[in-house]
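A.B. asks: Requesting a structural model of the entry that follows:
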Amino acid sequence: MMLGFGRKRGLEWAAGELGAQVGERGTRPPFGTLTGPYTGAIETPAEWFAVTHRGCQVLAFSCEQKPGPFSSKGWNCLVQVRTPWVPETRVLPYTQQVQQIYEQLIRPDMPTFVPAHAPNIMVYSADPQQAKALLTAQFLQAIDHDRRPRPKIIPPISFNEGVLNHQSRGRLDPHKALDIADGLIDLLRLIPATAWPGDPQTWPPGPWLPS
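C.D. replies: As a prediction, this is how the structure comes out:
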């Protein structure tokens, strides 16, 4: 287990074995968003690595979570896969409590909808039509948090600032981060290339490009 090697050894492993670019507090990752997929709060990476994995650009970093009205003190790990740029879209588990908190306190300006294929999920998006094109029935089924066995990737996730973004509790462990990245890449393969906006010549490497 990488945790036995400590965080520094974990980054050394990622750099040596994966050829990853690594950094610690005070350095900015080469791409990605510093906001979490739930609230969109800006985070400060304590340590990070960036690598090409399965033909996609992957970033993972950990950040300290301070206690607040809706969170407890601890550490979060964010794993992101670079995608074509799309309007901000956040996919959350649907409960009345989460909906009320999000709409009243976090993002009251952002349109919301519940997908027809996933009544237990709610989507907040700056462009609902674009979001519906990305969130195919297969994609939504794959992240259904009520399904058994439970999927590897469940909400909250987000598309923002050119990445698909996932957050989990705990500090950065490169092995676990790559496992999550595999799940995100598998999800991205469920989105047809025609759903992505923009000029394909500007898209980063990934399953949306013709092989």
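
A.B. asks: From now on I want contacts and neighbour counts done on CA atoms only, so please keep to that.
C.D. replies: Will do.

A.B. asks: Distance-wise, check residue 77 relative to residue 176.
C.D. replies: Using CA to CA, to the nearest Å, residue 77 is found at 10 Å from residue 176.

A.B. asks: what about the residue nearest the centre of the chain, which helix or strand?
C.D. replies: Closest residue to the average C-alpha location of the chain: residue 165 at 1.3 Å, with CA atoms, centre = their mean. Secondary structure from DSSP states H and E places residue 165 in strand 163-169.

A.B. asks: by contact count, what packs against the helix or strand following that strand?
C.D. replies: Sequence-wise, the next helix or strand downstream of strand 163-169 (DSSP H and E) is helix 174-188. With contacts taken as 3 or more CA pairs under 8 Å, 6 or more residues apart in numbering; DSSP states H and E, helix 174-188 sits against helix 6-18, strand 56-65, strand 74-82.

A.B. asks: Any regions of this structure where pLDDT drops low?
C.D. replies: Scanning the chain for pLDDT under 70 picks out 1-7, 67-71, 102, 104-106, 211.

A.B. asks: And for residue 83, the neighbour number?
C.D. replies: Using other CA atoms under 10 Å, residue 83 has 25 other residues around it.

A.B. asks: Identify the residues contacting it.
C.D. replies: Applying CA atoms under 8 Å, 6 or more residues apart in numbering, we find residue 83 in contact with 162-164, 203-204, 206.

A.B. asks: roughly how far apart are it and residue 205?
C.D. replies: For residue 83, the distance to residue 205 - CA to CA - is 8 Å.

A.B. asks: Quote the end-to-end distance of stretch 16-29.
C.D. replies: End-to-end distance (CA to CA), stretch 16-29: 18 Å.

A.B. asks: meant to ask about stretch 21-30, not that
C.D. replies: Criterion CA to CA; first-to-last residue distance in stretch 21-30 is 9 Å.

A.B. asks: Could you double-check that the residue nearest to the centre of the chain sits in contact with residue 77?
C.D. replies: No - the pair residue 165 / residue 77 is not scored as a contact, 10.5 Å apart, by CA atoms under 8 Å.

A.B. asks: For burial, what's the neighbour tally of residue 140?
C.D. replies: By other CA under 10 Å, 22 other residues sit near residue 140.

A.B. asks: Can you tell me the SS state at it?
C.D. replies: helix (DSSP: H, G, I helix; E, B strand; the rest coil).

A.B. asks: For the residue nearest to it when sequence neighbours are not counted, pull up the helix or strand it's in.
C.D. replies: Distances taken as CA to CA, 6 or more residues apart in numbering place residue 118 nearest to residue 140, at 6.4 Å, with adjacent residues excluded. Using DSSP H and E, residue 118 sits within no helix or strand.

A.B. asks: Enumerate every residue touching residue 118.
C.D. replies: Residues near residue 118 by CA under 8 Å, 6+ apart: 140-141, 144.
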